[in-house]
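Asks: sequence and predicted model, in that order:
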Amino acid sequence: MNEAPKIENSDAKRSEEMDAKLATGQITLAEYAGIGKKQLYEIAKQGYQLFSSGKLDEAEVIYSGLVAADPYDSVFHCHLGAVHFRKGDMDKAFDEYSASIRLNIANVDALAARGEIYLQKGELKEGIEDLRKALENDPEAKRPSTQRARALLLSLRDAAQQQQSAN
């Protein structure tokens, strides 16, 4: 009979510890709620299906939720960036790709996409740097994003050579 209060006290203490860890950023909201990576990635698959079928608003809701649940996952930021990119909101896309790269400097999808945005903004040096980094991390261009990065870099090189020849 004396043990029940001990269990309640230990549950309360555990809850207070979890609350404190969440409040100080030691755990994510997903960890606090007991949602594991596998479950989060299952949700991300649903977001990707929506994204692929053009349901961008629905995909944005899912990826925004995933970023809130686990703000330290580079993939979730990258996918949210892709949604913003496809919706034409380049500022938000740029921010999400940058967050993704801060979390994983080798995320080739985020590097290639941010490089494209830099180029669109006329910031060639930064764009070329991101595109090169993407290719350095996927030198065989196995991913569609690095295939685009390679094509963009080749196009830029060809344009620069043509301009040099004209001068």
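Replies: Done, it's in.
Asks: my read: residue 126 touches residue 118, true?
Replies: Yes. Assessed by C-beta atoms under 8 Å, residue 126 is found in contact with residue 118 at 4.3 Å. Every residue, glycine included, has its C-beta placed from N, CA and C.
Asks: which one of those two is surrounded by more residues?
Replies: Neighbour tally, residue 126 and residue 118, criterion other C-beta atoms under 10 Å: the higher count belongs to residue 118, 20 against 15.
Asks: can you list the weak-confidence ranges in the chain?
Replies: For the chain, residues meeting the criterion pLDDT under 70 lie at 1-14.
Asks: just the CA coordinates for the longest helix belonging to it, please, in CSV.
Replies: Here the longest helix in the chain is taken by residue count, with DSSP state H as the criterion, and it is helix 144-166. What follows is the C-alpha trace of helix 144-166 in CSV, where atoms were taken according to Å, rounded to 0.1, in the frame of the first residue of the first chain:
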residue,chain,number,x,y,z
PRO,A,144,18.6,13.5,-59.1
SER,A,145,19.6,16.6,-57.2
THR,A,146,23.3,16.0,-57.9
GLN,A,147,22.5,15.3,-61.6
ARG,A,148,20.8,18.7,-61.7
ALA,A,149,23.8,20.2,-59.9
ARG,A,150,26.2,18.7,-62.4
ALA,A,151,24.1,19.9,-65.3
LEU,A,152,23.9,23.5,-63.9
LEU,A,153,27.7,23.6,-63.3
LEU,A,154,28.3,22.4,-66.9
SER,A,155,25.9,25.0,-68.2
LEU,A,156,27.6,27.7,-66.2
ARG,A,157,31.0,26.6,-67.4
ASP,A,158,29.9,26.5,-71.1
ALA,A,159,28.3,30.0,-70.7
ALA,A,160,31.5,31.3,-69.2
GLN,A,161,33.6,29.8,-72.0
GLN,A,162,31.3,31.3,-74.6
GLN,A,163,31.5,34.7,-73.0
GLN,A,164,35.3,34.4,-72.9
SER,A,165,35.4,33.5,-76.6
ALA,A,166,33.2,36.4,-77.5
